[in-house]
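Participant: Show me how the following folds:
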Amino acid sequence: MSQFLPVRVWRALTSEQRRSGLAAWLGWMFDGLDMHLYTLVATPFVALLLKAPSSDPSVALHGAYISAGFLAGWALGGLIFGRIGDRIGRSRTLCLTILTYAAFTGLSAVSTQWWHLLVFRFISALGIGGEWAVGASLLSESWPKSWRPWIAAALQSAVNVGVLLACFAGYLMAEQAPNWLFVVGIVPAALVLWIRRSVPETKEWEAARLGHGTSDPLSGSPSDTGSQVPSFWDLFRTPVARVTWPSLLLCALGLTGHWTFMFWQQAHLRSLPEVRSLTAGEQNHVVVIGVTWLMLGSVVGNFLAGGLARAMGYRQAVFGMLLAYGTTLVAAFCSDWSLEANYGWFILIGVWQGVFALFTMWLPPLFPVLLRTTGAGFCYNIGRLAAAGGTIYFGIFSRVNDYRHALLYSSILFGVAAFTVGWMPGRAPDEGDNETTVVRE
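Facilitator: Here you go, the predicted model:
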């Protein structure tokens, strides 16, 4: 006898939902892997390409150019692949993003000039930035709405796992030439074959693309527009502009503060009095420990964020965690602390970084279906352009060899970002009390 069951337990999910969830999780995990391979060998590889010692100032300068190119590609990828995702579907575009970052991360290994590496990192970043928007939209359209906070936490934790895998790969290949580490980045390409065979397109996108019983792409009213797709510029026209502009501001402020911390925290640890006199290898060990504590705190924070979103809603949860992030930075960097104390602060900072897990499921549903990956990808990833400039700005205006001030000043951005949340829509257009159901025999 057939019975309709609300999708509140794992066994009630359809096989298609499980496969789409696994595909997005693995895509994000490999995002984290390919994203951080460069950071592990940046200095020795760039020095090798320039035929200069690692201490040469030109190594740091050209390494910064490559990092800036990566951030720019990351931002543009959200727009380019977001647009593609709205036109050809989530599943197909997910395959394209993974192939892009896997292929060009692998090609980085054959770089013979520093600008070769710049180009390869830029193109690989296009795929990484695009995968965020496509993977988030894929799950927001195929999984139960009440599961979104936990989906967000799981996806963000996948990135943390990918970072740890990159560190493990670096450990195993420590004795190899630095360029060989990039070969590991080709591994995600194998995932594409499974996705194309096993992960179907979302019914919500198909219905919107065909105009079958859907609402107008912009107004939300009934429509028979068929396959007409809104243009990119519709993001800045009413009514969608009421979502786009505050989303852009929020992402720019939050990501600038976040990436300022992520960029300068290693330099801060190296500059501590008890670390400054250590050997290069010992300093690297200190940094690895700090990043490990940060990642562990972040995993906890991802699921804390999900719980808060379930209890009080996305806006309140994002507001509270952004405010806590900024407040913790003030406490951690308003005065000098020991190395052990810094480790403790890093754990707590990692917890508040879980706020960015909520953006994964919060932003996409705020946009119309046929502008979903375009809007979410553009708003979230374009914030990385602001983050690139902001990271350099806070570093320049910090005291020489005292990066604590750069981290302290960046706390201001989280306070402003928290109050920007008040301009965001209260809830997504499709976020009601209804629950996805399936038929069980």
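
Participant: Return the per-residue confidence for residue 393.
Facilitator: At residue 393, the predicted lDDT confidence score is 66.

Participant: And the helices in the stretch 51-200 of the chain?
Facilitator: Listed in chain order, the helices of the stretch 51-200 of the chain (DSSP state H, counting those that start in this stretch) span 57-88, 90-107, 114-142, 148-172, 189-198.

Participant: do you know which of those lies nearest residue 298?
Facilitator: helix 148-172 (5.5 Å; C-beta to C-beta). (Each C-beta comes from the backbone N, C-alpha and C, glycine too.)

Participant: which residue is nearest the centroid of the chain?
Facilitator: Geometric centre of the chain, nearest residue: residue 132, 6.1 Å, by C-alpha atoms, centre = their mean.

Participant: I'd say that residue and residue 377 touch.
Facilitator: Yes. Between residue 132 and residue 377 there is a contact under C-beta atoms under 8 Å: 6.6 Å.

Participant: residues shared between the contacts of those two?
Facilitator: residue 78 (C-beta atoms under 8 Å, 6 or more residues apart in numbering).

Participant: List the buried residues of stretch 40-58.
Facilitator: Within stretch 40-58, the residues that qualify as buried are 40-43, 45-50, counting by 16 or more other C-beta atoms under 10 Å.

Participant: Quick one: residues in contact with that stretch.
Facilitator: 38, 59-60, 62-63, 66-67, 111-114, 116-117, 166-167, 170, 177-179, 181.

Participant: rerun that using 7 Å as the cut-off
Facilitator: Contacts to stretch 40-58, defined as C-beta atoms under 7 Å, 6 or more residues apart in numbering, come from residues 59, 62-63, 66, 111, 113-114, 117, 166, 170, 178-179, 181.

Participant: tell me, how many neighbours does residue 197 end up with?
Facilitator: Counted with other C-beta atoms under 10 Å, the neighbours of residue 197 add up to 8.

Participant: Show me just the buried residues among the contacts of stretch 40-58.
Facilitator: For the contacts of stretch 40-58, buried by 16+ other C-beta under 10 Å: 59, 62-63, 66, 111, 114, 117, 166, 170, 178-179, 181.

Participant: Report the angle between the helix or strand where residue 356 lies and helix 114-142.
Facilitator: If you go by DSSP states H and E, residue 356 is part of helix 355-362. Here helix 355-362 runs at an angle of 60 degrees relative to helix 114-142 (axes from the mean of the first three to the mean of the last three C-alpha atoms, to 10 degrees).

Participant: ok so, going back, export the helices of the stretch 51-200 of the chain to JSON lines and append columns for mean pLDDT.
Facilitator: Converted to JSON lines, these look like this (pLDDT from 0 to 100):
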{"stretch": "helix 57-88", "mean pLDDT": "83"}
{"stretch": "helix 90-107", "mean pLDDT": "93"}
{"stretch": "helix 114-142", "mean pLDDT": "88"}
{"stretch": "helix 148-172", "mean pLDDT": "83"}
{"stretch": "helix 189-198", "mean pLDDT": "86"}
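
Participant: quick revisit: now, among the buried ones among the contacts of stretch 40-58, which is nearest to residue 385?
Facilitator: Looking across the buried ones among the contacts of stretch 40-58 and measuring by C-beta to C-beta, the closest to residue 385 is residue 66, at 15.9 Å.

Participant: which one is the closest one nearest to, not counting chain neighbours?
Facilitator: residue 118 (4.9 Å; C-beta to C-beta, 6 or more residues apart in numbering).

Participant: I figured residue 382 hits residue 248, correct?
Facilitator: Yes. Using C-beta atoms under 7 Å, residue 382 makes contact with residue 248 at a distance of 6.5 Å.

Participant: mind listing what residue 287 touches?
Facilitator: Counted by C-beta under 7 Å, 6+ apart, residue 287 has contacts 266, 269-270.

Participant: switch to 10 Å and redo it
Facilitator: Applying C-beta atoms under 10 Å, 6 or more residues apart in numbering to residue 287 gives the contacts 265-270, 275.

Participant: The residue nearest to residue 66 and residue 71 touch, don't they?
Facilitator: No. Applying C-beta atoms under 10 Å, one finds residue 118 not in contact with residue 71, separated by 12.0 Å.

Participant: More neighbours: which of these two?
Facilitator: The neighbour comparison of residue 118 against residue 71 (other C-beta under 10 Å) goes to residue 71, with 24 against 21.

Participant: What's the separation between the more buried one and residue 383?
Facilitator: Residue 71 is 10 Å from residue 383, where distance means C-beta to C-beta, to the nearest Å.

Participant: Tell me where the stretch 301-441 of the chain has strands.
Facilitator: Per DSSP state E, counting those that start in this stretch, the stretch 301-441 of the chain carries strands over the ranges 437-440.

Participant: could you pull out the helices for it?
Facilitator: With helices called from DSSP H, counting those that start in this stretch, the stretch 301-441 of the chain shows them at 314-333, 339-352, 355-362, 372-396, 404-420.

Participant: okay, those, which one's buried deepest?
Facilitator: Highest mean neighbour count of the helices of the stretch 301-441 of the chain: helix 355-362, a mean of 27 (counted as mean count of other C-beta atoms under 10 Å).

Participant: can I get the CA coordinates of that one in PDB?
Facilitator: C-alpha atoms of helix 355-362 as PDB (Å, rounded to 0.1, in the frame of the first residue of the first chain):
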ATOM      1  CA  VAL A 355      28.900  31.300   8.900                       C
ATOM      2  CA  PHE A 356      30.000  30.900   5.300                       C
ATOM      3  CA  ALA A 357      28.500  27.500   5.200                       C
ATOM      4  CA  LEU A 358      25.100  29.100   5.400                       C
ATOM      5  CA  PHE A 359      25.600  31.200   2.300                       C
ATOM      6  CA  THR A 360      25.600  27.900   0.300                       C
ATOM      7  CA  MET A 361      21.900  27.200   0.900                       C
ATOM      8  CA  TRP A 362      20.700  30.700   1.800                       C
END
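
Participant: Right, I'll call it a day here.
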